[in-house]
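Participant: For reference, the sequence and a predicted model appear below.
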Amino acid sequence: MRNGDCIMRLGRASPECPGTSRIARWGEKMRKYAFWLLASILLLSIVASACARPARIQANAGQEFTLYMGQTATINGEDLEIRFAEVISDSRCPQGVECFWAGEASCLTYVTRTNTSSAPYKLVLVQPGSSDSATQDFDGHRIAFRLEPYPVAGKTTPNSERRLVMTVTKS
């Protein structure tokens, strides 16, 4: 029996194949490492997809809900959708700092009437820095909102953590 024949036929070290034990052991180790690497990648992808935020959420009128950037909320029974597009600016005075001006936070949203074919309405929500929340009227609805988290001195908040906490009611 030739060494190459032993490896091809048995796939692992064998006393019948002299001189192949080191090569066969190395091959077995690589197969194990490859298996565990693939299993780990699969597990991480499953966990990551489970943690992802849904692109659309459902909310009832008068119910507080949270939108992260890129998310859309459908307000049940109101033919209304709100999409949080971006934070335009956030100059609110950070916690732990004395400021001359309280600042403000501006967020770009798109509001769509779901029972019409009209284009989304661009609505900029502005929250004064000195308030816990603000309100904006839109087409017979009152939108109460606040941008979270509130700025903290010396800490930068990534966009993935910014969120609008909102409540929509009939005005």
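Facilitator: Looks like it arrived, so ask away.

Participant: can we go C-alpha only for contacts and neighbour counts from here?
Facilitator: Noted.

Participant: how about the nearest residue to residue 128, chain neighbours excluded?
Facilitator: residue 104 (4.3 Å; CA to CA, 6 or more residues apart in numbering).

Participant: For residue 62, see how far away residue 76 is.
Facilitator: The gap separating residue 76 from residue 62 is 10 Å, by CA to CA, to the nearest Å.

Participant: of the two, who's got more company?
Facilitator: residue 62 (15 against 12; other CA atoms under 10 Å).

Participant: the helices in the protein, which residues?
Facilitator: 3-10, 21-51 (DSSP state H).

Participant: Confidence-wise, which of those helices is weakest overall?
Facilitator: Here the lowest mean pLDDT among the helices of the chain goes to helix 3-10, at a mean of 50.

Participant: tell me the domain boundaries of the chain?
Facilitator: 3-51, 56-170 (automatic domain parsing).

Participant: Of those, flag the one that's most buried.
Facilitator: Comparing those by mean neighbour count (mean count of other CA atoms under 10 Å), domain 56-170 comes out on top with a mean of 16.

Participant: For the closest residue in space to residue 133 that isn't next to it in sequence, give its distance to residue 29.
Facilitator: Nearest non-adjacent residue to residue 133, counting by CA to CA, 6+ apart: residue 146, 4.6 Å away. To residue 29, residue 146 is 55 Å away according to CA to CA.

Participant: The residue nearest to residue 128 and residue 133 touch, don't they?
Facilitator: No - Residue 104 sits out of contact with residue 133 when judged by CA atoms under 8 Å, with a separation of 10.9 Å.

Participant: so what sits against both of these two?
Facilitator: The contact sets of residue 104 and residue 133 overlap at residue 127 (CA atoms under 8 Å, 6 or more residues apart in numbering).
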